[in-house]
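Asks: Quick one: sequence plus predicted model below, questions after.
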Amino acid sequence: MAHTINSSCTSCGQCVDACYVNAIVAGNPYKITDDCVDCGVCADVCPAGAIEG
Ligand code: SF4
Ligand code: SF4
């Protein structure tokens, strides 16, 4: 089960830079694709606490 981004996302883009498999796409909110390997790095960098999983 991939990580997910909830409505608290402020579209800051920091998670995209953190994801080494390029599994996050820009939007409002941003979205995580099936390429996610559940490493958890994006959740650690998200200043809004918007990433779950
Ligand atoms: S780091 Fe958090 S707030 Fe910023 S774009 Fe990613 S999910 Fe949204
Ligand atoms: S959990 Fe890891 S692989 Fe999945 S979107 Fe976040 S940084 Fe990318």
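Replies: Perfect, I can see it now. Numbering: from 1, shown residues only. Ligands and ions are numbered 1, 2, ... in the order given.
Asks: give the contact list for Val41.
Replies: Ala18, Cys19, Tyr20 (CB atoms under 8 Å, 6 or more residues apart in numbering). Any C-beta I mention is one placed from the backbone N, CA and C, and that applies to glycine too.
Asks: My guess is the second one contacts Cys42. True?
Replies: Yes - applying CB atoms under 8 Å as the test, Cys19 and Cys42 come out as touching, 5.4 Å apart.
Asks: Those two: which is more packed in?
Replies: Cys42 (24 against 20; other CB atoms under 10 Å).
Asks: contacting residues around the more buried one?
Replies: His3, Cys15, Ala18, Cys19, Ile24, Ile32, Ile51.
Asks: Need the CA coordinates for stretch 34-43. CSV is fine.
Replies: The C-alpha trace of stretch 34-43 is given here as CSV (Å, rounded to 0.1, in the frame of the first residue of the first chain):
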residue,chain,number,x,y,z
ASP,A,34,2.0,3.3,-7.5
ASP,A,35,5.8,3.7,-8.0
CYS,A,36,6.0,4.4,-4.3
VAL,A,37,8.2,1.9,-2.4
ASP,A,38,7.0,3.0,1.1
CYS,A,39,10.3,4.3,2.3
GLY,A,40,8.7,7.1,4.4
VAL,A,41,11.2,9.8,3.5
CYS,A,42,8.5,12.1,2.1
ALA,A,43,6.5,11.9,5.3
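Asks: In that stretch, which residues are buried?
Replies: Going by neighbour count (16 or more other CB atoms under 10 Å), the buried part of stretch 34-43 is Cys36, Cys42, Ala43.
Asks: for stretch 26-36, same thing?
Replies: Pro29, Tyr30, Ile32, Cys36.
Asks: Could you dump those into TSV and include secondary structure, distance to ligand 1 and pLDDT?
Replies: TSV is the format used below for the buried residues of stretch 26-36 (DSSP: H, G, I helix; E, B strand; the rest coil; distance: CB to the nearest ligand atom, whole Å; pLDDT from 0 to 100):
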residue	secondary structure	distance to ligand 1	pLDDT
Pro29	coil	6	94
Tyr30	coil	4	97
Ile32	strand	9	97
Cys36	coil	13	97
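Asks: Appreciated, that's everything.
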